[in-house]
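Visitor: sharing a sequence plus its predicted fold:
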Amino acid sequence: MTRSSGPRAGLPESVPDVLPDPWSVLRGTRWPSLGTAYGTARRIPRVLASLLGPDLTVEEARRALNALEPVRHQNTIYEATAPVALCVAAVLARRAEYHRGAADRVCALLLGWLAGVAYDSDDACVASHQRFFEEDFLEGYPPMVALRALRPVLFRAVAPFLDDPGTAVAEEALCAALAFAEHPGLTGHRDGLAGHARRLLLVCDTRWRRRQALDALTAWGHDTTGLARPGDDDRSPYVTGPVWPLGDGDPDDPPF
């Protein structure tokens, strides 16, 4: 895991209060100075620009999001991850204005991408990594700090889809919103999200989504009696055994 390459790696000059225009993020970010899993982010602007086409198809959106893998490789947060997430959220918000009442399939893909980023940077993820560090894990990981600082504005992008008539879309939106609402500035939204989380637990069979909903309800002081199922204690969506896919929990042998 790449934890830092500078004191303000991945940090925007200022955290926006509202979602910016996606073009302003694209043009205002110094991409060649930001790291990804495979070097600098100099190729990322072209990928993001492809999401801004007026006639974007589902297949084009899927290819573009797959091409953003360097900022999420192995579920790691890199210097370029925060501005990419901000741009994707801005694209989602812009599309939502044209698809009021229900998300189109491109919106669903964008929501899924943001939900994955949210999951990879939530409080449970930070706590899991903290076990392997004596010092403050986040203090040495500016890209993660930068992404988590954007949670209030990223929340604005996903919240309109919480009541989407499409179940899969609403679940993606909720998974992202639950993680973003861990930000102390979003405490006022938690009771409303708790209702959504309870409804998800009644109908959802996806284990990691269930774990995330239970984590949120527990952390926010809500009763989860009768909501849990056998197997809900496994947090990871990627493995069926231990929490970590490698190693045995030994601090001298962390899985990254």
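Guide: Yep, that arrived. Numbering: from 1, shown residues only.

Visitor: middle-most residue in the protein, spatially?
Guide: Per CA atoms, centre = their mean, the C-alpha nearest to the average position across the chain is that of residue 118, at 1.9 Å.

Visitor: tell me the contacts of it?
Guide: Taking CB atoms under 8 Å, 6 or more residues apart in numbering, we find residue 118 in contact with 151, 154, 175-176, 178-180. In short, each C-beta sits where N, CA and C put it, glycine included.

Visitor: switch to 10 Å and redo it
Guide: Residues in contact with residue 118 (CB atoms under 10 Å, 6 or more residues apart in numbering) are 85, 125, 147-148, 151, 154-155, 158, 172, 175-182, 212.

Visitor: same question for residue 206.
Guide: Contacts here follow CB under 10 Å, 6+ apart; on that basis residue 206 touches 168, 171, 175, 200, 212, 237.

Visitor: quick check: pLDDT value at it.
Guide: Per-residue pLDDT puts residue 206 at 88.

Visitor: near residue 17, how many other residues are there?
Guide: When neighbours are defined as other CB atoms under 10 Å, residue 17 has 9 of them.

Visitor: how about residue 186?
Guide: By other CB under 10 Å, the residues close to residue 186 number 17.

Visitor: if we can go back for a sec, which among the contacts of residue 206 count as buried?
Guide: Buried members of these, counted by 16 or more other CB atoms under 10 Å: 171, 175, 200, 212.

Visitor: how about the residue nearest to the centre of the chain, secondary structure?
Guide: When classified by DSSP: H, G, I helix; E, B strand; the rest coil, residue 118 comes out as helix.

Visitor: now it: closest residue in space, sequence neighbours ignored.
Guide: Closest residue to residue 118 apart from its sequence neighbours, by CB to CB, 6 or more residues apart in numbering: residue 179 at 3.6 Å.

Visitor: residue 138 and residue 120, how far apart?
Guide: 14 Å (CB to CB, to the nearest Å).

Visitor: cool, residue 186 as well?
Guide: Taking CB to CB, one finds residue 186 at 18 Å from residue 120.

Visitor: buried residues in the least confident helix or strand in the chain by mean pLDDT?
Guide: When each helix and strand of the chain is scored by mean pLDDT, DSSP states H and E, helix 123-130 comes last, with a mean of 86. Residues of helix 123-130 classed as buried under the neighbour-count rule (16+ other CB under 10 Å) are 124-126, 128-129.

Visitor: quick one: residue 165 and residue 190, what's the gap?
Guide: 24 Å.

Visitor: higher neighbour count, the two?
Guide: Higher neighbour count among residue 165 and residue 190: residue 190, with 19 against 9, using other CB under 10 Å.

Visitor: for the host helix or strand of the more buried one, name the packing helices and strands.
Guide: Assigned by DSSP states H and E, residue 190 belongs to helix 190-203. Contact here means 3 or more CB pairs under 10 Å, 6 or more residues apart in numbering; DSSP states H and E; on that basis helix 190-203 packs against helix 167-180, helix 207-219.
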